[in-house]
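**Student:** Based on what follows, work out the 3D shape:
(one chain, ligands or ions: 1)
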Amino acid sequence: MSAPEIITGDCRTEMSVRGPFDMVFADPPYGDTSLTWDRKVEGWIAVAVAALKPSGSMWVFGFMRFFIDQGGLFKAAGLRYAQDVVWEKHNGSSFHCDRFKRVHEHAVQFYRADTEWAAVWNEVQTTSDARSRVVRRKKRPAHTGDIGRGHYVSEDGGPRIERSVIYARSCHGRAIHPTEKPSGFVEKLIRTSCPPGGIVGDFFAGSGSAGEAAAMSGRRYVGCEIDPEMARAARDRLAGSLFVGCVGTTEKEGRAG
Ligand SMILES: C[S@@+](CC[C@H](N)C(=O)[O-])C[C@H]1O[C@@H](n2cnc3c(N)ncnc32)[C@H](O)[C@@H]1O
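**Tutor:** A predicted model of the protein is given here:
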């Protein structure tokens with residue numbers, strides 16, 4: 001299996017010729033701060049949709065305000081909302097002293113509107129911490145109505161579906177990028193939405209955290225980063241990652257040791 005790759009350049013041109021991807025990962029600049037790189041990028045969503053396999057889906061990181069501001073663009077580009085998960089940080093950022101201290105971000109999954117959800121590759125992730133005494137089988141509550149698909153079988157004491165709020169320490173103090181995402185969190189998204197051996201396209205690679213996550217889970221990876229220095233740092237990170245050498249082994253072997 002090929003090693004993870006970081007391209008230097010603008011994702012709108014570079015990634016248009018690199019698909020099709022089993023999964024698109026995008027952590028775009030939110031346009032929330034005065035940092036030089038934090039500028040909204042126009043037009044990337046359409047490029048990402050065109051580069052996505054029909055069975056693929058796209059996970060996008062952002063604050064709620066970003067999705068309220070730009071949510072319509074995803075629909076206009078031919079995407080449907082599938083689900084969202086919350087990354088709960090151990091310590092967050094607060095720009096305003098008159099609001100709650102913000103310790104979370106969202107990751108939203110979209111899929112192509114010309115595809116049925118049932119045709120989208122989706123592997124429900126489970127936790128390994130279930131104990132038999134907390135496993136209960138419940139009837140569907142009346143207020144949920146007839147939802148149809150969604151049957152989930154759990155053995156007593158066996159795995160349970162991963163919760164949609166996931167705690168992960170942020171990378172403060174050891175980050176390469178100021179808004180670096182924890183690769184362990186990103187790995188869960190990749191395992192959910194990219195088949196083993198499939199390829200992840202990361203439109204805003206930053207420090208390459210998604211590349212590390214792809215390697216940890218035995219998926220291929222192409223990332224794009226416009227800042228040449230950051231792209232170099234991401235390449236160095238991936239070259240030094242223990243997991244990158246494991247790409248191409250089975251998932252179990254890849255995580256061993
Ligand atoms: C929020 S950060 C990504 C952080 C990354 N997920 C990580 O964990 O390190 C967004 C990145 O997108 C890059 N960027 C901005 N515009 C871009 C473009 N048009 N094409 C590719 N990268 C871009 C910025 O330089 C920045 O590093």
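
**Student:** Can you name the residue of the stretch 101-250 of the chain nearest the ligand?
**Tutor:** residue 206 (2.5 Å; Cβ to the nearest ligand atom). Glycine gets a C-beta too; all of them are placed from N, C-alpha and C.

**Student:** The ligand contacts on the stretch 151-257 of the chain?
**Tutor:** Proximity of the stretch 151-257 of the chain to the ligand (Cβ under 6 Å from any ligand atom) is limited to residues 177, 179-181, 204, 206-207, 209, 224-227, 230.

**Student:** Out of the residues you listed, flag the one nearest to residue 144.
**Tutor:** The shortest approach to residue 144 among those belongs to residue 181, at 31.9 Å (Cβ to Cβ).

**Student:** what's the nearest residue to that closest one if we skip its chain neighbours?
**Tutor:** residue 209 (5.0 Å; Cβ to Cβ, 6 or more residues apart in numbering).

**Student:** I'd like to check which residues are in contact with the residue of the stretch 101-250 of the chain closest to the ligand.
**Tutor:** Residues in contact with residue 206 (Cβ atoms under 8 Å, 6 or more residues apart in numbering) are 27, 176-177, 179-181, 225, 230, 234.

**Student:** Equivalent analysis for residue 75, please.
**Tutor:** By Cβ under 8 Å, 6+ apart, residue 75 lies in contact with residue 113.

**Student:** Residue ranges in the stretch 151-257 of the chain under the pLDDT threshold?
**Tutor:** Applying pLDDT under 70 to the stretch 151-257 of the chain flags residues 151-159, 242-257.

**Student:** What ranges does it have for its helices?
**Tutor:** Assigned by DSSP state H, counting those that start in this stretch, the helices in the stretch 151-257 of the chain fall at 183-193, 209-216, 228-240, 251-255.

**Student:** need the contact list for the residue nearest to residue 181.
**Tutor:** 171, 177, 180-183, 186.

**Student:** Just the buried ones from the residues of the stretch 151-257 of the chain next to the ligand?
**Tutor:** 177, 179-181, 204, 206-207, 209, 224-226, 230 (16 or more other Cβ atoms under 10 Å).

**Student:** of all these, which two lie farthest apart?
**Tutor:** Among these, 181 and 226 lie farthest apart (Cβ to Cβ), at 17.4 Å.

**Student:** one step back: now, the buried ones among the residues of the stretch 151-257 of the chain next to the ligand that are in strands?
**Tutor:** 224-225 (DSSP state E).

**Student:** Now distance to residue 96 too, for the buried ones among the residues of the stretch 151-257 of the chain next to the ligand, in a markdown table please.
**Tutor:** Conversion of those to a markdown table gives the following (distance: Cβ to Cβ, whole Å):
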| residue | distance to residue 96 |
| --- | --- |
| 177 | 23 |
| 179 | 18 |
| 180 | 23 |
| 181 | 23 |
| 204 | 25 |
| 206 | 25 |
| 207 | 27 |
| 209 | 27 |
| 224 | 32 |
| 225 | 30 |
| 226 | 29 |
| 230 | 28 |
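
**Student:** about what we covered before: looking at the residues of the stretch 151-257 of the chain next to the ligand, which two lie furthest apart in space?
**Tutor:** Using Cβ to Cβ, those span at most 17.4 Å, a distance reached by 181 and 226.

**Student:** Tell me how far the top strand by length along the chain lies from the chain's centre.
**Tutor:** Longest among the strand segments of the chain by residue count, using DSSP E, is strand 79-93. Remark: strand 79-93 is offset 9 Å from the chain centroid, using Cα atoms, centre = their mean, to the nearest Å.

**Student:** ok, now stretch 175-189?
**Tutor:** Distance, centroid of stretch 175-189 to centroid of chain: 9 Å (Cα atoms, centre = their mean).

**Student:** buried set for that stretch?
**Tutor:** Neighbour-count burial for stretch 175-189, counted by 16+ other Cβ under 10 Å, picks out 177, 179-183, 185-189.

**Student:** Show me the two of these that sit farthest apart.
**Tutor:** Pairwise across the buried residues of stretch 175-189, and taking Cβ to Cβ, the largest span is found between 177 and 188, at 19.6 Å.
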